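> Predicted model and sequence below, questions to follow.
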Amino acid sequence: MKVLIIGGGGREHAIAWKTARSPKVQKLYCAPGNAGIAEFAECVDIGVMDFEKQVAFAKEHEIDLTIVGPDDPLVAGAVDAFETAGLKVFGPRKNAACLEGSKSFSKDLMKKYNIPTAAYETFDSSEEALKYLETAKMPIVLKADGLALGKGVLICNTLEEARDGVKTLMLDKQFGSSGDRIVIEEFMTGREVSVLSFVDGNTVKIMTSAQDHKRAKDGDQGLNTGGMGTFSPSPFYTEEVDFFCQEHIYKPTVQAMKEEGREFKGILFFGLMLTEQGPKVLEYNARFGDPETQVVLPRMKNDIVEVFEACINGTLDEINLQFEDNAAVCVVLASDGYPEHYEKGFPISGLAAFKEKEGYYAFHAGSKFNDRGEIVTNGGRVLGITALGTDLKDARANAYEAVKWVSFENKYMRNDIGKAIDEL
Ligand code: AMP
Ligand code: GLY
């Protein structure tokens, strides 16, 4: 098969790496890809939102399967564009990707189908939102309705902060039209878990669990980021939690989408909060998580292309999804200053070490080749250094060993990825 992957981040590097291991794959392309993906796939200079060029490329090169990685193209209808052209593609259509693309849509769906989530109200007017806040309980959570690079969620501790938040989202329009409508919801406390699943419209099969670290600094301080590191599995995702989520969250969500005439096929990512009243949905994403994918896929035993095809064909129930009985930790190496201001273009050294060692991966997130053919930093998050281990402690020790192999100017990382496991 000839396979095309759309995207160029750490998540897509992990998807591409796993796809390349399938015996079914003869040639792999990635648009636009990155310097790490270029090692084993042909990178094509087409942007993730340029559906017309992507479809033309897929036709011209007789691509058998396209996999769309990021949220923006999915929410904008990338899958519909490929299907309209008669091409095979993995991912949710636009009318299903809105599960991620609109917070108010997903909240209304959960309410209608009794799927546990935080209580909420939706507002299209800043005056109404401000009025509501006067009598609301603090802390409270404000969410831009649309996509905002994972940064459209504000946790407000005081009424003052909440008023400022409404201004930031609805009046200053920090996230553009994504803030025309906001969701204001109850603040929940508990342990967060990310559960990714494959869905074929009807059947949902979950992958092994993971936990992200969203804040920029140690001890969950600093600004929210796209994710500074992950570990898998989450020891807090017990069998009991799984049983509850299967019955009350996973299956009901997929059935609800079917009933709404918005059949969901692709990856459904459940962002869960394990509260004292039981697991609740924080958010849905309509795609693989970043950097969750970097710890989940290296542990997956199946041929991923077979699973992608089963989702497309509606035969996922025939797949026995299996994961290794080990653990993985991913530490993100970022450019100092991320998620705000940072410099890029610095040469990265030490990557060759990963080629010689089994169970160690340097997934590239923001890298490129400069004019001299050197690999240089090209983003806030630069690399996701991932290591396997017999258990979480072992995997964490291995990952923190491996981050030392790599150097570049302004290298920044969190030193406490996976620290929660020490509490066990
Ligand atoms: P989201 O993009 O909706 O996952 O939100 C980003 C992060 O904000 C989540 O991972 C949580 O850490 C936090 N968050 C979102 N909603 C809530 C909530 N209702 N209560 C507490 N924290 C939340
Ligand atoms: N790591 C969280 C996300 O991919 O949205």
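Nice, thanks for sending it over. Numbers count the residues shown, from 1 in each chain. Ligands and ions are numbered 1, 2, ... in the order given.

> what does the stretch 251-400 of the chain put close to ligand 1?
Applying C-beta under 6 Å from any ligand atom, we find that the stretch 251-400 of the chain lies next to ligand 1 at 271, 282-283. (Glycine included, C-beta is placed from N, CA and C.)

> ok, now with 8 Å
Within reach of ligand 1 by C-beta under 8 Å from any ligand atom, the stretch 251-400 of the chain has these residues: 271, 273, 282-283.

> Most widely separated two among those residues?
By the measure C-beta to C-beta, Met273 and Glu283 form the most distant pair in those, at 9.7 Å.

> What is the nearest of the residues of the stretch 251-400 of the chain next to ligand 1 to ligand 1?
Taking C-beta to the nearest ligand atom as the measure, Glu283 is the one of these closest to ligand 1, at 3.5 Å.

> can you redo the residues of the stretch 251-400 of the chain next to ligand 1 as TSV with neighbour count and secondary structure?
Shown next, in TSV, are these (neighbours: other C-beta atoms under 10 Å; DSSP: H, G, I helix; E, B strand; the rest coil):
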residue	neighbour count	secondary structure
Gly271	17	strand
Met273	19	strand
Leu282	19	strand
Glu283	18	strand
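
> Is the worst-scoring helix or strand of the chain on mean pLDDT positioned near ligand 1?
Ranked by mean pLDDT, DSSP states H and E, the weakest helix or strand in the chain is strand 221-224, scoring a mean of 89. Yes. With C-beta under 8 Å from any ligand atom as the criterion, ligand 1 is reached by strand 221-224 at Asn224.

> Pull the distance from that strand to the chain's centre.
18 Å (C-alpha atoms, centre = their mean, to the nearest Å).

> Run the chain-centre distance for the helix or strand following it.
For strand 221-224, the succeeding helix or strand toward the C-terminus, using DSSP states H and E, is strand 229-232. In this view, strand 229-232 has its centroid 12 Å away from the chain centroid, taken as C-alpha atoms, centre = their mean.

> which element follows strand 229-232 toward the C-terminus?
Per DSSP H and E, the first helix or strand lying C-terminal to strand 229-232 is helix 239-245.

> From what I see, Arg163 and Glu134 are in contact.
No. The pair Arg163 and Glu134 fails to qualify as a contact (C-beta atoms under 8 Å) at a distance of 9.4 Å.

> I'd assumed Ala362 was in a strand, is it?
Yes. According to DSSP: H, G, I helix; E, B strand; the rest coil, Ala362 belongs to a strand.

> can you list the residues of the stretch 101-250 of the chain near ligand 1?
Residues of the stretch 101-250 of the chain that fall close to ligand 1, judged by C-beta under 8 Å from any ligand atom: 103, 118, 139, 141, 143, 150, 152-153, 155, 185-189, 192, 212, 214, 224.

> Go again with 5 Å.
Residues of the stretch 101-250 of the chain that fall close to ligand 1, judged by C-beta under 5 Å from any ligand atom: 118, 141, 153, 185, 187-188.

> Now restrict these to buried residues only.
118, 141, 153, 185, 188 (16 or more other C-beta atoms under 10 Å).

> Cross these against strands and list the overlap.
Filtering these for membership in strands, criterion DSSP state E, returns 141, 153, 185.

> Quick check on the residue in the stretch 251-400 of the chain that ligand 2 sits nearest to: phi, psi?
Of all residues in the stretch 251-400 of the chain, Gly289 sits closest to ligand 2, at 3.5 Å by C-beta to the nearest ligand atom. Per-residue torsions, Gly289: phi -80, psi 160 (degrees, to the nearest 10).

> Begin at 565, not 1, for the rest of this chat.
Sure, I'll start counting at 565 from here, so that last one is Gly853.

> Contact partners for it?
By C-beta atoms under 8 Å, 6 or more residues apart in numbering, the residues touching Gly853 are 575, 758, 760, 774, 776, 791, 794, 833, 860.

> export these to TSV and tack on neighbour count and pLDDT?
Output for the contacts of Gly853, formatted as TSV (neighbours: other C-beta atoms under 10 Å; pLDDT from 0 to 100):
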residue	neighbour count	pLDDT
Arg575	25	98
Ser758	26	98
Leu760	22	98
Ala774	26	98
Asp776	25	96
Gly791	24	94
Thr794	28	98
Phe833	24	98
Val860	26	98
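
> Filter these down to the ones in strands?
The strands, defined by DSSP E, take in 758, 760, 776, 794, 833 from the contacts of Gly853.

> so what's the nearest residue to Gly754 once chain neighbours are set aside up against?
Nearest residue to Gly754 in three dimensions, chain neighbours excluded: Thr839, at 4.2 Å (C-beta to C-beta, 6 or more residues apart in numbering). The contact partners of Thr839, taken as C-beta under 8 Å, 6+ apart, are 752-754.

> any chance of the residues you listed in JSON lines, with distance to Lys822 and pLDDT too?
Formatted as JSON lines, these follow (distance: C-beta to C-beta, whole Å; pLDDT from 0 to 100):
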{"residue": "Met752", "distance to Lys822": "27", "pLDDT": "97"}
{"residue": "Thr753", "distance to Lys822": "33", "pLDDT": "96"}
{"residue": "Gly754", "distance to Lys822": "29", "pLDDT": "95"}
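
> Can I get the helix or strand hosting Ala661 in PDB? Just the C-alpha atoms.
Taking DSSP H and E as the definition, one finds Ala661 inside helix 658-665. Taking Å, rounded to 0.1, in the frame of the first residue of the first chain, the C-alpha atoms of helix 658-665 are listed here in PDB:
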ATOM      1  CA  LYS A 658     -16.700  17.300   9.500                       C
ATOM      2  CA  ASN A 659     -20.100  16.600  11.000                       C
ATOM      3  CA  ALA A 660     -18.500  14.300  13.600                       C
ATOM      4  CA  ALA A 661     -15.200  16.100  14.200                       C
ATOM      5  CA  CYS A 662     -17.400  18.900  15.800                       C
ATOM      6  CA  LEU A 663     -17.300  16.800  18.900                       C
ATOM      7  CA  GLU A 664     -13.900  18.500  19.300                       C
ATOM      8  CA  GLY A 665     -14.500  21.600  17.100                       C
END
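
> list the helices and strands whichever helix or strand comes after it packs on?
Sequence order places helix 667-676 as the next helix or strand after helix 658-665, per DSSP H and E. Using 3 or more C-beta pairs under 8 Å, 6 or more residues apart in numbering; DSSP states H and E, the elements in contact with helix 667-676 are helix 658-665, strand 684-687, strand 746-750, helix 815-823, strand 842-849.
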